[in-house]
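Asks: got a predicted structure plus its sequence, pasted below:
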Amino acid sequence: MFKNELAVEIISPEGMIYKDSVNEIILYSIQGQLTILPSHAPLFTKLVEGEVILRKGSQSIPVKILGGFLEVINNRVNILADHAQMSKEMTEKEISEAKKKAEVIAQLKINGENFILERSELSRAFLDMKVADKLRKKPRKM
């Protein structure tokens, strides 16, 4: 790792999602949007649902998360996510399916443990739609 880089690990219950060094990280915490650069002050905060953008040179690497925690210390960044997935370009069919699934789940009257599971699925479907819409509106390369 060089002085102008951050060592990043993104971990979720599914396992290690990303491990590498980057130049910049853009993400959303409960305080709002944060940009983490090398030599950032130590920080620990709660993350909210959204997209984490990892910038490495001219490349932007998007990762979807459904909340979690961020720790920054000595140019090391740890993201412990409730759920994380590398973003990808979604086809119109995938976007349509995510939207239909979200609508069905939103209309169900569910309680207890099933409610928690369905709410998680609903959050994932809405996040997929939000990120897909964002990807359609802007170029990926920086």
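Replies: Done, it's in. Every value quoted in this text rests on a predicted model; they were computed, and no experiment measured them.
Asks: mind checking how far the residue lying closest to residue 39 once chain neighbours are set aside is from residue 46?
Replies: Across the structure, with CB to CB, 6 or more residues apart in numbering as the measure, the residue nearest residue 39 apart from its sequence neighbours is residue 75 (6.8 Å). Backbone N, C-alpha and C define where each C-beta goes, glycine included. Distance check for residue 75 against residue 46: by CB to CB, to the nearest Å, it reads 22 Å.
Asks: need the pLDDT of the residue lying closest to residue 5 once chain neighbours are set aside.
Replies: Leaving aside its chain neighbours, residue 5 sits nearest to residue 21 (4.1 Å; criterion: CB to CB, 6+ apart). Predicted confidence (pLDDT) at residue 21: the value is 97.
Asks: now do residue 64
Replies: Reading off the confidence values, residue 64 has pLDDT 88.
Asks: now swap in residue 37 and tell me
Replies: 97.
Asks: quick one: contacts for it?
Replies: Taking CB atoms under 8 Å, 6 or more residues apart in numbering, we find residue 37 in contact with 6, 23, 24.
Asks: about what we covered before: higher neighbour count, residue 75 and residue 46?
Replies: Neighbour tally, residue 75 and residue 46, criterion other CB atoms under 10 Å: the higher count belongs to residue 75, 19 against 11.
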